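# what follows is a protein structure lacking sequence information:
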C-alpha cells in the first residue's frame, strides 16, 4: 500500500478522520469504494491486533456448542481468522435448532466441561444464570488486561446489551447497575412487518400504521388477493414463542406489561387490565378474520414458509424471518418489503420485543480467560462487519456496523425498507418481558389462553381474568407473588 | 371347495387396492417430494406432475446444501453411517448377551432369577433423560463420553431387555423334552443350547433382533445427550434441514427415503420371521 493512503486509513482507524471524509479523500487518490473497503478492513484488523496480546493463549484449545443458524455459519466461515490471530485451536459442535436447547440443558445440567462457550437466547439465561451454569462476563469486559481496548462495549445497541444483563432477582430490571452480564449479544431480531409488495400493489393496499389499520388491511388482503392467500401470518402454537414476537411488541406499544412488580419485589399478573382486554380482542379478531386456517399450529417455520411461498400477504414477526424469505429458492424472493410497525397510534415510536442470539460462557469452561478471547473476537467489530457484509449476519448488534455504507447498500439493494425499518425501531428495541424464573411456564399458558380465545372457547375478558388468576397462584406458590 | 364370483373378486381387489393406497400414500408422497424442489413442493395447489430433480439426493450425498442463507455443509451421510453402525453393533452385542441370558431365565430357575429379569426389564420403564444426565457424569469420569463404545453400551438399555424378554418367552415355548433327549444322548449343555434350542428359537430371535434394531434406529435422545455432533444418528441429523432460514422440504423427504431404506429392506426380508416369531413367542401353551 502507498504510504499516503496507509496514513489516511490509519488516521480513520484512530478516529481522527470520519468515514465520509476518508472515502472522499481516498476517492481523490483514485481508489474505488470496493478497494477502499478492503484496505480499511486490513487496517482495522491491524489496529485490532496491535494494542492487545492476542497470542496470550496460543496453543490452547476451545470447544463451542452452536445452533445451526446463519450466525453460526458466518462465524465458522471466518474462524480461521481467529485461529490465525490467537494461535488457538477451536472445534465446534453444531446441532439443529429443534434439539439445540435440549443439548445445551443436558450439557450444563450435568456439569459437562466439554463445551467452553455456547450460543443461547437471552431468555434462557434467566434459567442458566441463577442455576450457576453460566458465568457473569462483567469480570472480563471490565478488565482492560483481558479485553481488547478496541472492543468498544459501548458500541452495542443499548437496549440489546441491557437485555442480556439481569441481577437474578425476579422482576429485576434488565441492565440495572447490579445486573450480571450473562451473555454477550451476537445477533438479534426485531418484530416488525414484512409484506408482499406485489400483493399489496395488486389490491391497492397501503402499509398499516397502527393496530386498527393492521386489522383492516389484513382483512382486505384476505378478501381481495385471491387464490387462498390470507392477510397476516403470526405464530399461534402453544408455546412461549407465540407471545414474544409481534404479539408482545404490539402489546408493549400500548404500554401494557406481562407482570406487575410491587415495591417489595412481589410479582402479579398484569394482563387483565381494560386496555389489555381491548388489545387482546383486536388481536384475536385479526387472527379469526385474516390469519392462517390452522393458526394454532403456527411456529416460526410455518409463518416464514407461507410468506416465502406466497400463501400469506404479510407477517408481523421477526424482521430477519422476512429477510430470509426474500432470498434463496423462495417463490416470493425479491417481492418482499419491510416496515417498522407502531401498533398504538398514540405511541411515539415502535417498541419491538426482541430475540437475541448471544454467546455465553459455561461455568464449567476449562479455561475461562481463553474462552473470553473467543467471545470477544466473535462479538467484535471485525467479525461483525465480515458477517454483515459477506454473509447473512442480520441483524448485527453493533451500531458501527449499521453505519457501514457497504452493509446499508447491500440491504437497500435487495431488501426495500429494511434499513429504514431498522433505524426507526432499533432505539425502542429491547426485551419487554419481566425477567423471572417462571418465564416459560407463564408465557406458554398465555399462548394456550390465546388459542382458546381464537377458537371461541372462552370470551376474551373471561379468559384473561382466569389467566391472571392462574398466574397469580403460580407466582405465589413459587414464592414470587 | 369354496368359489368366489367374479364380481366378488373384483370388489375385493378394489377394496384391497384402496387399503394399500391409503396406507402407502404418505410414503408415496414423501418419495415424490424427494424429487422436487422446495418451490414445487410449496406451490399452491400441490402439483402431481412436475419435472423431477435429483438435487436433493445430490445435496445429501455430497454434503453441500444450498439454501436461502448460502451453501451449508451437512453431514447426513455421516449421520446415516452412525445410525447403521450404532444399531447393528448394539443389536449384535444384545444378541450375544441376551440370548444366552434368556435361555438361562427360561430353563433354569435359580434364586432371584425373576428379580434379575424384572430389573433388566425395568430399564425400559425409566424416562431416558432421568438415566442419561447422571450417566453423562459417570461417562465423563470413565472417559466413555463421546465414544462409540459408550453409546453402544447405553443402547443396551433399549435392545437388551427387548431381546431378553421376547426370546425368553420363545425358549419357554419349546418343549424341554427335546433338549433332555439330546442331553441323554451324551451331549453337553452347551451343545444342546447350540444345536437344539437356538435353531428352534431362530424365528423368535430374528424377530426380537429386528424389533431391537428398529427401536435402536429410531432412538433420538441417547446420542444427543452423550455425544458430539459427529456421532449423531440420522434421527438427529434429519433435523438439520429445519433451519432458521427455512425448511428444506425436498431434502427432508430425500433424507427420509434414505433413512427408512435400510429398516424397510430388513423388515421386508425378515417379515416372515417377524410375524411368525412374534405370534409364536407371545402365545403361551
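Received it, and whenever you're ready, just let me know what you need. What you see is a predicted model; the values in this text were computed from it and never measured. Residues are numbered from 1 along each chain as shown, chains lettered A, B, ... in the order given.
# which positions in the stretch 301-450 of chain A make contact with chain B?
A:301, A:304-305, A:308-311, A:320-321, A:324-325, A:327-331, A:333, A:391-392 (Cβ under 8 Å from any Cβ of the partner chain). For glycine as for every other residue, the C-beta is placed from the backbone atoms N, C-alpha and C.
# so how far does stretch B:105-119 reach from one end to the other?
Using Cα to Cα, to the nearest Å, the end-to-end distance of stretch B:105-119 comes out at 13 Å.
# list the buried residues in that stretch.
Counting neighbours by 16 or more other Cβ atoms under 10 Å in any protein chain shown, one finds that the buried residues in stretch B:105-119 are B:105, B:106, B:107, B:117.
# contacts for it?
Applying Cβ atoms under 8 Å, 6 or more residues apart in numbering or on different chains, the contact partners of stretch B:105-119 are B:104, B:164, B:165, B:168, B:169, B:171, B:172, B:176, B:179.
# what do you get if the cut-off is 10 Å, keeping everything else the same?
By Cβ atoms under 10 Å, 6 or more residues apart in numbering or on different chains, the residues outside stretch B:105-119 that reach it are B:101-102, B:104, B:120, B:161, B:164-165, B:167-174, B:176, B:179, B:189, B:192-193, B:197, B:201.
# Throw together a ChimeraX command that grabs the buried residues out of those.
Listed next is the ChimeraX selection for buried residues among the contacts of stretch B:105-119, using 16+ other Cβ under 10 Å:
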select /B:101,102,104,120,161,164,165,167,168,169,170,171,172,173,174,179,192,193,197,201
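# you'd agree residue A:194 is in a helix?
No - counting by DSSP: H, G, I helix; E, B strand; the rest coil, residue A:194 is not part of a helix but strand.
# excluding chain neighbours, give the residue nearest to it in space.
residue A:322 (2.6 Å; Cβ to Cβ, 6 or more residues apart in numbering or on different chains).
# just to revisit the earlier point, which among the buried residues of stretch B:105-119 gets closest to residue A:453?
residue B:117 (52.6 Å; Cβ to Cβ).
# next secondary structure element downstream of the helix or strand hosting the closest one?
Residue B:117 is part of helix B:113-122, with elements assigned from DSSP states H and E. For helix B:113-122, the following helix or strand on the C-terminal side (DSSP H and E) is helix B:128-142.
# which residues of the stretch 101-250 of chain A lie near chain B?
A:102-103, A:105-107, A:109-115, A:189, A:227-229 (Cβ under 10 Å from any Cβ of the partner chain).
# and these, which are buried?
Here, 16+ other Cβ under 10 Å leaves A:103, A:105, A:106, A:107, A:110, A:112, A:114, A:115, A:189, A:229 buried among these.
# give me the subset of those residues lying in helices.
If you go by DSSP state H, these have A:103, A:105, A:106, A:107 in helices.
# wait, isn't the first one in contact with residue A:65?
Yes - between residue A:103 and residue A:65 a contact is recorded at 6.8 Å, counting by Cβ atoms under 10 Å.
# now the helices for the stretch 51-200 of chain A?
Ranges of helices within the stretch 51-200 of chain A are A:70-86, A:97-109, A:125-128, A:138-141, A:158-163, A:197-203, based on DSSP state H, counting those that start in this stretch.
# compute the number of surrounding residues for residue B:18.
A total of 10 residues lie near residue B:18 under the criterion other Cβ atoms under 10 Å in any protein chain shown.
# swap in residue A:184?
25.
# stretch A:333-352 spans what distance, first to last residue?
OK, stretch A:333-352 end separation, Cα to Cα: 25 Å.
# for that stretch, buried residues please.
Applying 16+ other Cβ under 10 Å to stretch A:333-352 flags A:333, A:335-344, A:347, A:350-352 as buried.
# quick check: residue A:351 is in a strand.
No - judged by three-state DSSP, residue A:351 forms no part of a strand; its state is coil.
# where does it land on pLDDT?
At residue A:351, the model reports a pLDDT of 96.
# can you pull the phi/psi pair for it?
Main-chain dihedrals, residue A:351, degrees, to the nearest 10: phi -130, psi 70.
# for it, give me its contacts.
A:159, A:190-191, A:248-255, A:341-344, A:425, A:427-430, A:432.
# what does residue A:147 give?
A:52, A:137, A:140, A:141, A:153, A:372, A:373, A:376.
# which ones are touching the third one?
Neighbour list for residue A:140: A:146-147, A:151, A:181, A:184, A:361, A:368-369, A:371-373, A:375-376 [criterion: Cβ under 10 Å, 6+ apart].
# just how off-centre is the host helix or strand of residue A:382 within its chain?
Using DSSP H and E, residue A:382 sits in helix A:381-390. Offset of helix A:381-390 from its chain centre (Cα atoms, centre = their mean, to the nearest Å): 16 Å.
# do stretch A:159-175 as well
That offset, for stretch A:159-175, works out to 15 Å (Cα atoms, centre = their mean).
# ditto for stretch A:131-142
Counting by Cα atoms, centre = their mean, stretch A:131-142 comes out at 21 Å from the chain centroid.
# cool, and stretch A:351-366?
Using Cα atoms, centre = their mean, the offset of stretch A:351-366 from its chain centre is 11 Å.
# end-to-end on that stretch?
End-to-end distance of stretch A:351-366 (Cα to Cα): 40 Å.
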